[in-house]
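>>> Quick one, fold the following:
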Amino acid sequence: MTSDAVSVVGLGKVGVTLVAALTTAGYRVTGVDVVEAQVKALNDGSFRTNEPGVMEGLARLKPGQFLATIDPAEAVHRSSLSFIIVPTPSNTLGGFSNRLIIEALRAIGKAAAKKTGPHVVAVVSTVLPKSSSAQLIPALEEAAGRRMGDHLGFCYNPSFIAQGDVMKGLITPEYVLIGESDPQSGAAVEAVHRRMVTNDAPAVRVTPIEAEITKIASNTHETMRVAFANMLLALCNEVPDADVDRITHALAYRLGRRFFKGAVPYGGPCWPRDNRALAAFMDLVGVPSTLPNAIDRANSDHGHYVLRQVLDAVPRGGTVGVIGLAYKPGTSMIDRSFGIDLADWLSAEGRFVVGWDPMANEEARRALNGRIRIAEKPEDCLKCNAAVIALPLQQLTGMDWSQAASTVVIDCWRALDEAKRCKVGRYMPLGIQRDLKSRVITTPGYRERFDHLTN
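Numbering: from 1, shown residues only. Modelled structure (predicted):
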């Protein structure tokens with residue numbers, strides 16, 4: 001099999017996006033999935049997704065360039081390298097289940113045993129450290145009847161992506177991380193990425209366990225930055241004449257700008273679970289998990305801090321609009337979404353909630369099961385007693401903010417410009433406290449305690 005033929009095992013959102021990226025780069029790809037309807041849709045052209053860039057990539061397919069199948073053996077025999085992108089669901093202990101990866105490896109190994117040429121497997125799914133050496137490589141070797149280096153290779157090759165920007169993360173990464181069982185396998189995986197990426201991203205080639213730690217540590221570091229910026233938001237929100245954006249802008253000269261804007265708690269399908277999984281693994285090996293646990297606690301505390309701001313602005317029985325129900329802009333996913341959590345909490349606290357999102361309304365309707373009203377247009381949220389901007393959506397610019405003339409607008413992202421701010425009844429940008437009579441400064445005993453603190 002020529003080197004321009006690869007296979008992708010797991011045709012979910014990330015797997016299909018990888019297929020589109022690989023075929024755009026000129027590779028011939030065989031995709032594998034256990035869901036027959038997904039395979040059929042990809043083969044007959046009826047497949048649809050809202051992930052940017054995927055449909056465009058699939059539309060450029062040349063005849064015979066892509067085939068989807070339910071048979072892993074067919075994919076192995078049609079390729080020299082297989083990417084595995086299957087779910088690794090969280091378990092009750094906080095770790096990740098490798099069961100689906102192991103099933104895929106066994107099927108690939110069994111098929112590779114019948115090949116005369118070499119086959120390399122690259123696992124993309126997020127796993128706990130030690131997974132490759134303790135479970136994944138042994139499963140592949142046992143099924144193939146070969147050892148690493150004997151026409152068989154393995155790499156842990158995680159991606160650094162976000163829903164709604166998967167294609168961007170695949171073709172313009174900051175770097176390509178490859179945890180290789182041997183240099184030849186690492187070189188094979190690097191060659192695929194060199195052809196697929198459109199920037200000059202460096203390839204970082206390390207051992208599998210080093211790649212495993214790097215992947216999960218990267219997400220924990222990013223959550224730490226979000227939590228740190230959110231801490232500054234809360235601080236600036238309680239003292240007069242402080243603007244969190246001016247502070248993070250100054251700090252960014254030393255600390256960098258990425259994931260460094262005070263706003264709402266982080267969520268999504270990766271960050272929360274990866275952070276907790278790192279803590280669980282650290283506990284397992286006897287290393288204090290103080291930092292990831294503190295980040296998780298800080299994230300939770302910040303959510304309740306924002307909730308208190310909304311509850312203080314709207315009495316029980318009042319109405320609150322929540323603008324932004326997905327976990328981030330540009331996706332319909334609501335996994336650990338702050339907008340969903342906030343709507344649920346407000347409902348439990350006796351507020352009537354109206355929610356809106358440009359992409360996640362149906363998902364929110366199913367998740368909240370009638371506990372809030374899902375609006376058909378965003379202006380419905382502006383007619384409430386208060387409206388919370390939970391996401392910095394592009395649609396904010398086109399909304400009729402005169403509908404909020406009697407509304408308290410709580411802007412978690414400081415997303416509205418001055419012209420729009422002037423149209424609302426009362427504008428509350430979290431993280432900017434201009435009120436000299438802020439509740440902390442005027443708390444009885446504050447000045448005395450401050451004088452003691454500075455004596």
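>>> Name the nearest residue to residue 266, ignoring sequence neighbours.
Using CB to CB, 6 or more residues apart in numbering and skipping the chain neighbours, the partner closest in space to residue 266 is residue 226 (4.6 Å). To be clear about C-beta, it is placed using only N, CA and C from the backbone, and glycine gets the same treatment.
>>> Same check on residue 25?
Closest to residue 25 by CB to CB, 6+ apart is residue 196, at 4.4 Å.
>>> Next one: that neighbour from residue 16, what distance?
Residue 196 sits 15 Å away from residue 16, going by CB to CB, to the nearest Å.
>>> do residue 321 as well
35 Å.
>>> Chain neighbours aside, what residue packs nearest to residue 125?
Nearest residue to residue 125 in three dimensions, chain neighbours excluded: residue 88, at 4.9 Å (CB to CB, 6+ apart).
>>> Next, count neighbours for residue 425.
Residue 425 has 14 neighbouring residues, counting by other CB atoms under 10 Å.
>>> Residue 196 and residue 16: which is more packed in?
Neighbour count, other CB under 10 Å: between residue 196 and residue 16, residue 16 has more, with 26 against 20.
>>> The protein - how does it break down into domains?
5-206, 218-433 (automatic domain parsing).
>>> Could you pull out the buried residues of stretch 31-49?
31, 32, 33, 38, 39, 42, 47 (16 or more other CB atoms under 10 Å).
>>> how about the closest residue to residue 274 other than its chain neighbours, what does it touch?
Residue nearest to residue 274 in three dimensions, not counting chain neighbours: residue 219, with 4.1 Å by CB to CB, 6+ apart. Counting by CB atoms under 8 Å, 6 or more residues apart in numbering, residue 219 touches 270, 271, 274, 275.
>>> Which member of the residues you listed is positioned nearest residue 404?
residue 271 (31.5 Å; CB to CB).
>>> ok, that closest one to residue 172 distance?
21 Å.
>>> So for residue 450, what's the pLDDT?
Residue 450 is assigned 82 on the pLDDT scale.
>>> what about it, which helix or strand?
Residue 450 is located in helix 446-453, with elements delineated by DSSP states H and E.
>>> what comes up buried for that helix?
In helix 446-453, counting by 16+ other CB under 10 Å, buried: nothing.
>>> just stretch 236-249 next, same as before
So for stretch 236-249, counting by 16+ other CB under 10 Å, buried means 236, 237, 242, 244, 245, 247, 248.
>>> from the chain's centre, how far out does the longest helix along the chain sit?
The longest helix of the chain (DSSP state H) is helix 208-238. Mean-position distance between helix 208-238 and its chain equals 13 Å (CA atoms, centre = their mean, to the nearest Å).
>>> And stretch 97-108, by the same measure?
That offset, for stretch 97-108, works out to 23 Å (CA atoms, centre = their mean).
>>> what mean pLDDT would you report for it?
For stretch 97-108, the mean per-residue pLDDT is 98.
>>> contacts for it?
By CB under 8 Å, 6+ apart, stretch 97-108 touches 9-10, 72-73, 76, 82, 84, 86-91, 119, 121, 123, 125, 127, 131, 135-136, 139-140, 142-144.
>>> How about stretch 414-422?
Residues contacting stretch 414-422 (CB under 8 Å, 6+ apart): 244-245, 389, 392-393, 396, 401, 409, 424, 427, 429-432.
>>> Looking at those, which two lie furthest apart in space?
Pairwise distances across these (CB to CB) peak at 22.4 Å, for the pair 244 and 401.
>>> Name the residues of the host helix or strand of residue 168 that are buried.
Using DSSP H and E, residue 168 falls within helix 166-171. The neighbour-count check on helix 166-171 (16+ other CB under 10 Å) flags 166, 167, 169, 170, 171 as buried.
>>> And stretch 156-169, by the same measure?
Applying 16+ other CB under 10 Å to stretch 156-169 flags 156-167, 169 as buried.
>>> C-alpha coordinates for it, PDB please?
C-alpha atoms of stretch 156-169 as PDB (Å, rounded to 0.1, in the frame of the first residue of the first chain):
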ATOM      1  CA  TYR A 156       0.200   8.800  20.700                       C
ATOM      2  CA  ASN A 157      -0.700  11.800  18.500                       C
ATOM      3  CA  PRO A 158      -3.300  13.900  20.300                       C
ATOM      4  CA  SER A 159      -4.900  17.000  18.700                       C
ATOM      5  CA  PHE A 160      -5.300  20.400  20.300                       C
ATOM      6  CA  ILE A 161      -8.700  21.500  19.000                       C
ATOM      7  CA  ALA A 162     -12.000  23.100  20.100                       C
ATOM      8  CA  GLN A 163     -15.500  22.400  18.800                       C
ATOM      9  CA  GLY A 164     -16.400  24.900  16.100                       C
ATOM     10  CA  ASP A 165     -12.700  25.300  15.200                       C
ATOM     11  CA  VAL A 166     -11.700  21.600  14.700                       C
ATOM     12  CA  MET A 167     -10.400  22.100  11.100                       C
ATOM     13  CA  LYS A 168      -8.400  25.200  12.200                       C
ATOM     14  CA  GLY A 169      -6.800  23.200  15.000                       C
END
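>>> just to revisit the earlier point, what's the local residue count around the residue nearest to residue 266?
With other CB under 10 Å as criterion, residue 226 counts 22.
>>> wait, it sits on residue 267?
No: counting by CB atoms under 8 Å, residue 226 stays clear of residue 267, with 10.0 Å between them.
>>> Next, count neighbours for the nearest residue to residue 174 once chain neighbours are set aside.
Of all residues not flanking residue 174 in the chain, residue 201 sits nearest, at 6.3 Å (CB to CB, 6+ apart). Residue 201 is flanked by 15 other residues according to other CB under 10 Å.
>>> OK, contacts around residue 201?
Residues in contact with residue 201 (CB under 8 Å, 6+ apart) are 172, 173, 174, 175, 176, 193.
>>> circling back to that earlier point, of the contacts of residue 219, which is the nearest to residue 350?
Distances from residue 350 to these, taken by CB to CB, are shortest for residue 271, at 30.8 Å.
>>> I figured that closest one hits residue 224, correct?
No: at 10.4 Å, residue 271 does not count as touching residue 224 under the criterion of CB under 8 Å.
>>> Residue 207 contacts residue 182, correct?
No: using CB under 8 Å, residue 207 is not in contact with residue 182, being 10.5 Å away.
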